[in-house]
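# Sharing a model that was predicted from the sequence below.
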Amino acid sequence: MKIIADDTIPFLKGIAEPIADIVYIPAKGFTPEVVKDADALIVRSIDKCTSELLASSCVRLITTATIGFDHIDIHYCESHGITWKNAPGCNAPSVAQYVLASLLRIALRRGESLQGKTLGIIGVGHVGKEVEKLASLFGMTILRNDPPRAEAEGPEPFVSLEELLACADIITCHVPFTREGKYPTWHLADEKFFSQVRRGCWFINSCRGAVHDTKALLEAHQKGLVEEIILDCWENEPQINQELLKVVSIATPHIAGFSADGKATATRMCLEEIQRFFHVRFDRLKEVVPPAPANPLINLDAFEDHRIENAFLQTFDPLVVDRKLRKDPSTFEWLRNHYDHPREPLAYQVKQSTPAEKSLLQQIGFQVIG
Ligand SMILES: NC(=O)C1=CN([C@@H]2O[C@H](COP(=O)(O)OP(=O)(O)OC[C@H]3O[C@@H](n4cnc5c(N)ncnc54)[C@H](O)[C@@H]3O)[C@@H](O)[C@H]2O)C=CC1
Ligand SMILES: O=C(O)C(=O)[C@H](O)COP(=O)(O)O
């Protein structure tokens with residue numbers, strides 16, 4: 001069996017080698033010539049799996065180490081006998097960690113609390129549910145908008161987009177990128193969308209860049225409709241809009257799903273798909289685990305105030321990569337391929353908590369000791 005894999009996928013090297021001929025190629029190095037004799041591909045979101053790439057190949061399985069699959073021409077695959085598999089939910093907790101850490105950074109800068117603010121979540125799937133869980137623990141009120149789910153499951157826990165926009169202090173999008181179907185998400189956040197928001201709201205896009213319309217978002221900011229913008233996903237990335245970069249509060253290069261935990265899960269899920277499809281077994285699969293953090297111990301007494309918030313930001317601080325991106329926006333892709341993948345709270349032990357803090361820390365996912 002021949003596998004061609006993107007060489008920037010973490011925790012993959014050495015695992016498939018005992019039973020497969022596996023070739024690693026640079027990100028974006030997938031060409032028809034390179035993939036023509038492969039049985040399976042392991043790709044990322046930057047590796048476009050188009051009909052042109054696949055037409056002269058014998059590829060039977062494409063696995064992507066991502067949740068999103070808008071980089072795969074699924075219609076072509078399905079009509080040409082090519083099975084494709086994404087990694088549902090693999091990095092959902094990582095995106096939630098990103099969203100909450102970013103919100104905490106902004107709230108701390110403004111001298112405000114997230115407690116009591118209303119968070120409108122658009123798209124309540126794997127990621128949206130994780131965001132809801134964490135945001136609720138920080139005392140936020142949640143509004144959910146998800147028309148496909150409302151249609152399938154009943155309207156009860158959901159609100160219309162209009163209601164969400166009118167009532168939310170903070171709006172966060174967690175939809176797949178789609179141009180077709182009943183609920184397309186291309187430019188979901190457009191001029192009409194921003195005309196309905198609460199003046200001064202905060203807007204987050206950590207799903208796919210083209211879910212917002214850059215021009216409309218800039219105008220909404222200029223008019224004061226949107227006060228704080230958190231952007232992980234950008235239209236036309238890696239060539240991001242410089243005017244938008246200047247006004248965004250937190251700017252990151254599409255790394256929301258990049259926790260080491262999420263990356264390891266994604267790699268494992270891809271290999272499990274290959275096992276199932278080709279009826280093989282990778283004995284070293286159990287070695288696909290994220291490394292321990294450099295400093296796994298968090299002492300709450302090290303913080304003068306906002307102890308839980310600061311403990312959370314110790315696991316991941318979006319301002320670190322924000323500063324790097326602003327310094328040189330042309331490094332967008334480089335920063336993604338040379339990223340220091342953070343661990344999620346479950347990898348940390350927290351000490352010196354009060355009983356009330358202990359319960360919250362445990363619900364967030366930390367190990368509490370002492
Ligand atoms: N920035 C990053 O690193 C990451 C970005 N993502 C992006 O986030 C997206 C969502 O991920 P998951 O939650 O795991 O996907 P999911 O498929 O589990 O959930 C998506 C939800 O959006 C809903 N939805 C679809 N169209 C909608 C619309 N027009 N309005 C409102 N809701 C709509 C669906 O019904 C579904 O419940 C992915 O497709 C991916 O593009 C995911 C992981 C990491
Ligand atoms: O899972 C997704 O969907 C994402 O957007 C990923 O976090 C992007 O990861 P890469 O494709 O850049 O590895």
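That came in fine, so what should we check first? Numbers count the residues shown, from 1 in each chain. Ligands and ions are numbered 1, 2, ... in the order given.
# So which residue is dead centre in the chain?
For the chain, the residue nearest the mean C-alpha position is Gly257 (3.3 Å; C-alpha atoms, centre = their mean).
# Isn't that residue up against Ala87?
No - if you go by C-beta atoms under 8 Å, Gly257 and Ala87 don't touch, sitting 10.0 Å apart. The C-beta positions use only the backbone N, C-alpha and C, and glycine is treated the same way.
# intersection of neighbour lists for these two?
When contacts are counted by C-beta atoms under 8 Å, 6 or more residues apart in numbering, the set common to Gly257 and Ala87 consists of 66-67.
# re earlier: on the pLDDT front, check the residue nearest to the centre of the chain for me.
If you check Gly257, the pLDDT there is 98.
# same question, Ala189
99.
# same thing with the one 3 residues further on?
pLDDT, the model's per-residue confidence, is 98 for Lys192.
# And for Leu108?
For Leu108, pLDDT reads 98.
# And for Leu103?
99.
# and the residue nearest to the centre of the chain, what is it in contact with?
By C-beta under 8 Å, 6+ apart, Gly257 lies in contact with 66-67, 90-92, 94-95, 98.
# rerun that using 10 Å as the cut-off
Contact partners of Gly257, counting by C-beta atoms under 10 Å, 6 or more residues apart in numbering, are 45, 65-68, 90-95, 97-98, 127, 206-207, 232, 263, 266.
# out of these, which touch ligand 1?
67-68, 91-92, 95, 127, 206-207, 232 (C-beta under 6 Å from any ligand atom).
# could you dump those residues to CSV with neighbour count, secondary structure and distance to Ala16?
Below are the ones next to ligand 1 among the contacts of Gly257 laid out as CSV (neighbours: other C-beta atoms under 10 Å; DSSP: H, G, I helix; E, B strand; the rest coil; distance: C-beta to C-beta, whole Å):
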residue, neighbour count, secondary structure, distance to Ala16
Ile67, 23, coil, 22
Gly68, 16, coil, 23
Asn91, 27, coil, 21
Ala92, 22, helix, 25
Val95, 26, helix, 27
Val127, 29, helix, 28
Ser206, 25, coil, 30
Cys207, 27, coil, 30
Asp232, 26, coil, 30
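# Can you pull the residues of the protein lying near ligand 1?
Counting by C-beta under 6 Å from any ligand atom, the chain comes close to ligand 1 at 67-68, 89, 91-92, 95, 122-128, 145-149, 174-177, 183, 185, 188, 206-208, 232-233, 254, 256-257.
# Can stretch 79-90 be said to contact ligand 2?
No - using C-beta under 6 Å from any ligand atom, we find that stretch 79-90 stays clear of ligand 2, coming within 6.6 Å at best.
# Need the CA coordinates for that stretch. PDB is fine.
This file holds the C-alpha atoms of stretch 79-90, laid out as PDB (Å, rounded to 0.1, in the frame of the first residue of the first chain):
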ATOM      1  CA  SER A  79     -18.800   9.900  -8.400                       C
ATOM      2  CA  HIS A  80     -15.400   8.400  -9.100                       C
ATOM      3  CA  GLY A  81     -15.200   5.700  -6.300                       C
ATOM      4  CA  ILE A  82     -12.800   7.600  -4.100                       C
ATOM      5  CA  THR A  83     -13.700   7.400  -0.400                       C
ATOM      6  CA  TRP A  84     -13.000  10.500   1.600                       C
ATOM      7  CA  LYS A  85     -12.900  10.800   5.400                       C
ATOM      8  CA  ASN A  86     -12.500  13.900   7.600                       C
ATOM      9  CA  ALA A  87     -11.800  13.800  11.400                       C
ATOM     10  CA  PRO A  88     -15.100  14.900  13.000                       C
ATOM     11  CA  GLY A  89     -14.600  16.700  16.300                       C
ATOM     12  CA  CYS A  90     -10.800  16.000  16.400                       C
END
